[in-house]
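S.K.: With the input below, show me the fold.
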Amino acid sequence: MVEFLNSSSIIKIVIYILLETKPHILIAGIGGASLGTEIQKCLLQSNRYVLYGCDISRFAFGHYQKGFKDTFVINRTQYIKEIKEIVEKYKIHVIIPGGEEPLKILTSERERFHKNGTIIAANSIDVVKLCSDKLNLFNNLNKSIPIPKSFSSDIELNLEIIPYPCIIKPALESGGSKFVFLVSNRQELSRYIKFFTENDQKMLIQEYIPLHEGEFTVGVLSSTKGSIIGSIAMKRIFDSKLSVSFKSKHGLISSGYSQGIIDEFKDVRIQAENIAKKINSKGPLNIQGRMLEGIFYPFEINPRFSASTYLRSLAGFNEIDVYLRHLLFNENFTINSFKKGYYLRSFTEEFVKIGDIKNGEMD
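M.R.: A predicted model of the protein is given here:
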């Protein structure tokens with residue numbers, strides 16, 4: 001479990017609680033089955049914070065979920081301006097990006113928020129930029145970390161050298177399994193390259209790593225100085241369609257909904273921690289990859305918390321609470337154990353009366 005290395009930090013927390021001044025946290029992006037709503041569940045579990053939420057959609061699930069003190073509909077065209085108004089009015093201490101787009105927008109404005117005393121709980125801007133260009137990221141890792149064979153079609157590409165089946169996906173600013181395709185032969189790849197080109201999408205082509213040795217989603221949390229706080233690995237299971245984006249005789253592409261078994265998986269975690277150190281991660285990092293001949297090959301790296309973060313908190317690895325306490329109170333942690341077992345998930349439904357829908361722009 002969590003080991004406390006700084007007893008003075010505990011005193012600070014106690015003082016906060018005694019003074020009934022729980023930190024005010026704003027989660028930006030609270031759509032249904034999203035990272036934002038999973039973050040909220042983790043913070044409710046810790047019971048240390050006053051929670052606010054915001055989203056550009058008035059139909060976002062989080063608006064109607066218990067646990068927020070209040071939520072707000074944000075105008076997309078005045079996103080930062082309206083976030084700042086909320087921060088000032090409700091004395092927000094920390095903003096946590098609840099999705100890819102809020103992460104990109106808020107980290108670009110990080111210094112301006114910090115000057116006014118509000119922390120953006122996200123990785124460094126350098127790591128966010130590096131991970132937003134997957135081709136550049138994998139080229140960077142290729143010097144010292146085993147990765148799937150990776151190709152760009154920006155240069156004249158000889159399709160004969162590509163190992164089939166392969167994966168083709170956007171190279172810029174994408175996450176999960178959005179526009180990720182499994183390609184079985186050269187003719188199919190030519191069609192997908194044409195599709196990406198016509199839609200002005202820079203693409204990354206990668207060797208497909210088979211599933212038989214397992215797919216893993218790994219969270220690595222680093223301190224603001226780059227030291228490893230802890231890591232946790234889940235070996236995914238694909239019995240449920242919820243976790244499968246595409247499946248054919250050539251292979252399987254996972255969806256963004258992870259479930260499976262959390263166990264030690266030491267070799268996987270060590271390799272994931274090496275990746276975090278290599279890119280100088282200073283905050284949350286989520287890595288997906290597969291094992292081949294006993295070696296962990298990453299194929300997706302995102303500089304944020306994972307949507308499986310609540311499953312991790314159930315295992316005793318509440319990375320969001322730990323990271324906030326590190327940011328707010330300079331507490332130091334080492335997380336070195338967790339509850340081993342299967343962690344399963346499903347959707348949650350909610351009924352909302354027509355008159356109870358939040359005000360805001362129609363989507």
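
S.K.: roughly how far out does stretch 178-196 sit from the chain middle?
M.R.: Its chain's average C-alpha position is 26 Å from that of stretch 178-196, according to Cα atoms, centre = their mean, to the nearest Å.

S.K.: Ok, stretch 161-180 next?
M.R.: Using Cα atoms, centre = their mean, the offset of stretch 161-180 from its chain centre is 18 Å.

S.K.: And stretch 128-146, by the same measure?
M.R.: 17 Å.

S.K.: what residues does that stretch touch?
M.R.: 103-104, 107, 122, 147, 150, 152, 169-174, 202, 204, 206, 271, 274-275, 278-279, 295-298, 301-303 (Cβ atoms under 8 Å, 6 or more residues apart in numbering). In this view, the C-beta of every residue, glycine as well, is placed from N, C-alpha and C.

S.K.: Counting neighbours, show which residues of it come out buried.
M.R.: Neighbour counts over stretch 128-146 (16 or more other Cβ atoms under 10 Å) mark V128, L130, C131, S132, D133, K134, L135, N136, L137, F138, L141, I145 as buried.

S.K.: Likewise for stretch 31-41?
M.R.: Neighbour-count burial for stretch 31-41 [16+ other Cβ under 10 Å]: G31, G32, A33, S34, L35, G36, T37, E38, I39, Q40, K41.

S.K.: now the helices for the stretch 151-300 of the chain?
M.R.: 186-198, 266-278 (DSSP state H, counting those that start in this stretch).

S.K.: would you turn those helices into TSV with mean neighbour count, distance to L328 and mean pLDDT?
M.R.: Output for the helices of the stretch 151-300 of the chain, formatted as TSV (neighbours: other Cβ atoms under 10 Å; distance: least, Cβ to Cβ, whole Å; pLDDT from 0 to 100):
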stretch	mean neighbour count	distance to L328	mean pLDDT
helix 186-198	14	43	92
helix 266-278	19	22	97
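
S.K.: can I get those in CSV with distance to N359?
M.R.: Output for the helices of the stretch 151-300 of the chain, formatted as CSV (distance: least, Cβ to Cβ, whole Å):
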stretch, distance to N359
helix 186-198, 39
helix 266-278, 42
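
S.K.: looking at these, which is closest to Y310?
M.R.: Between Y310 and the helices of the stretch 151-300 of the chain, the shortest separation by Cβ to Cβ is 19.5 Å, and it involves helix 266-278.

S.K.: F333 - how many residues pack around it?
M.R.: 21 (other Cβ atoms under 10 Å).

S.K.: any idea how far Q45 is from it?
M.R.: 16 Å (Cβ to Cβ, to the nearest Å).

S.K.: and if you look at T217?
M.R.: Note on T217: its distance to Q45, by Cβ to Cβ, is 20 Å.

S.K.: Which one's more surrounded, the two?
M.R.: T217 (27 against 14).

S.K.: Looking at per-residue confidence, what score does that one get?
M.R.: In this model, T217 is scored at 97, pLDDT.

S.K.: Show the contacting residues for the closest residue to it other than its chain neighbours.
M.R.: Spatially, and ignoring its direct neighbours in sequence, T217 is nearest to S258 (4.8 Å; Cβ to Cβ, 6 or more residues apart in numbering). Contact partners of S258, counting by Cβ under 8 Å, 6+ apart, are T217, M234, R236, S243, S306, A307, S308, L311, R345.

S.K.: could you redo the last one with a cut-off of 7 Å?
M.R.: Listed by Cβ atoms under 7 Å, 6 or more residues apart in numbering, the contact set of S258 reads T217, M234, R236, S243, S308.

S.K.: Was I right to think the fourth one contacts K235?
M.R.: No: contact status for S243 versus K235: not in contact, 12.0 Å apart, counting by Cβ atoms under 7 Å.

S.K.: In CSV, list the contacts of S258 along with distance to K194.
M.R.: Below are the contacts of S258 laid out as CSV (distance: Cβ to Cβ, whole Å):
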residue, distance to K194
T217, 32
M234, 36
R236, 32
S243, 30
S308, 35
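
S.K.: Top of the residues you listed by number of neighbours, please.
M.R.: T217 (27 neighbours).

S.K.: ok, that one touching S308?
M.R.: Yes: under the criterion of Cβ under 7 Å, T217 makes contact with S308 at 5.9 Å.

S.K.: Which neighbours do the two have in common?
M.R.: Common contacts of T217 and S308 (Cβ under 7 Å, 6+ apart): M234, S258.

S.K.: Just the contacts of S258: which are in strands?
M.R.: Taking DSSP state E as the definition of strands, these contribute T217, M234, R236.

S.K.: what residues are up against the first one?
M.R.: Spelled out, it's T217. M234, R236, S258, N286, Q288, S306, S308.

S.K.: ok, what's across the strand from it?
M.R.: Note on T217: beta-bridge partners by DSSP bridges are M234, Q288.

S.K.: I'd say F216 and S231 touch.
M.R.: No: F216 lies out of contact with S231 (Cβ under 7 Å); the separation is 11.0 Å.

S.K.: Compare those two (neighbour count), which wins?
M.R.: S231 (26 against 23).

S.K.: Surely the more buried one touches G219?
M.R.: Yes: assessed by Cβ under 7 Å, S231 is found in contact with G219 at 6.4 Å.

S.K.: avg pLDDT for the host helix or strand of L311?
M.R.: Taking DSSP states H and E as the criterion, L311 maps to helix 309-314. Averaging pLDDT along helix 309-314 yields 96.

S.K.: then it to PDB, C-alphas only?
M.R.: Provided in PDB are the C-alpha atoms of helix 309-314 (Å, rounded to 0.1, in the frame of the first residue of the first chain):
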ATOM      1  CA  THR A 309      -8.000   4.600 -13.300                       C
ATOM      2  CA  TYR A 310     -11.000   3.700 -11.100                       C
ATOM      3  CA  LEU A 311     -10.300   0.000 -11.500                       C
ATOM      4  CA  ARG A 312      -6.700   0.800 -10.300                       C
ATOM      5  CA  SER A 313      -8.100   2.700  -7.300                       C
ATOM      6  CA  LEU A 314     -10.100  -0.400  -6.400                       C
END
